[in-house]
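Student: the following block contains a protein sequence and its predicted model.
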Amino acid sequence: MSDGMFRTVTGLRSGYDPDEVDEFFAHARSVYEQGPAAALAAKDVRSVAFDMVRGGYVTAAVDAALDRLEQAFVARARAEFVAEHGQPAWLTQLGEQARTLYGRLGRPDGDRFAPPEGRDQGYEPADVDELCHRLVAYFDKGAPLSASEIRGATFRARKGHHAYAEAPVDAFFARAVEVLLGVE
């Protein structure tokens, strides 16, 4: 049974399963405080998913806590890497990660990602392309952009061959978040 780490939704609404959330955060705290460091990484925090249940935790509160937890794991990984290899090696590694994004960022608007299968729902390309333009401005001109802005980005839904498939877009921006967190 949950120990109430977060507020719960009211009425008949659904939220994240409290027991799953509490178990994950207890495990994350244990790993963060006692190790081993490889037992949980920022990408594991980013990819965790919880079942929705009636009367569960408020999703926005849990998601915000997950964002902070991911930042903590990135900061720890950066500190450990810098202690072992030095700051220049960390910056080189981040540069290499950023370069992996450039192939897609250099594609023309409307052609950055494949469309979804058949008439499956995808994302509105103009919305995705706009965030890609912001990433280019960040990398090329130092324009302000934070990992939380990328995480919080929403794209309108679109169906068919004029949309971008959701999974590749989500994976691409997850990699972008990794790079930005490494700098922040």
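Tutor: Great, that's in hand.
Student: helices or strands next to the helix or strand bottoming out on mean pLDDT in the chain in the packing?
Tutor: When each helix and strand of the chain is scored by mean pLDDT, DSSP states H and E, helix 42-47 comes last, with a mean of 82. Helix 42-47 sits against helix 59-85, helix 166-183, with contacts defined as 3 or more C-beta pairs under 8 Å, 6 or more residues apart in numbering; DSSP states H and E. From N, CA and C alone the C-beta is placed, and that goes for glycine too.
Student: can you redo these as TSV with mean pLDDT, distance to residue 105 and mean neighbour count?
Tutor: Shown next, in TSV, are these (pLDDT from 0 to 100; distance: least, C-beta to C-beta, whole Å; neighbours: other C-beta atoms under 10 Å):
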stretch	mean pLDDT	distance to residue 105	mean neighbour count
helix 59-85	87	22	16
helix 166-183	89	9	18
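Student: mind listing what the most far-flung residue of the chain relative to its centre touches?
Tutor: Within the chain, the residue lying farthest from the chain centre (C-alpha atoms, centre = their mean) is residue 11, at 29.8 Å. For residue 11, the contact set (C-beta atoms under 8 Å, 6 or more residues apart in numbering) is empty.
Student: so how far is residue 4 from it?
Tutor: In this view, residue 11 and residue 4 are 18 Å apart by C-beta to C-beta, to the nearest Å.
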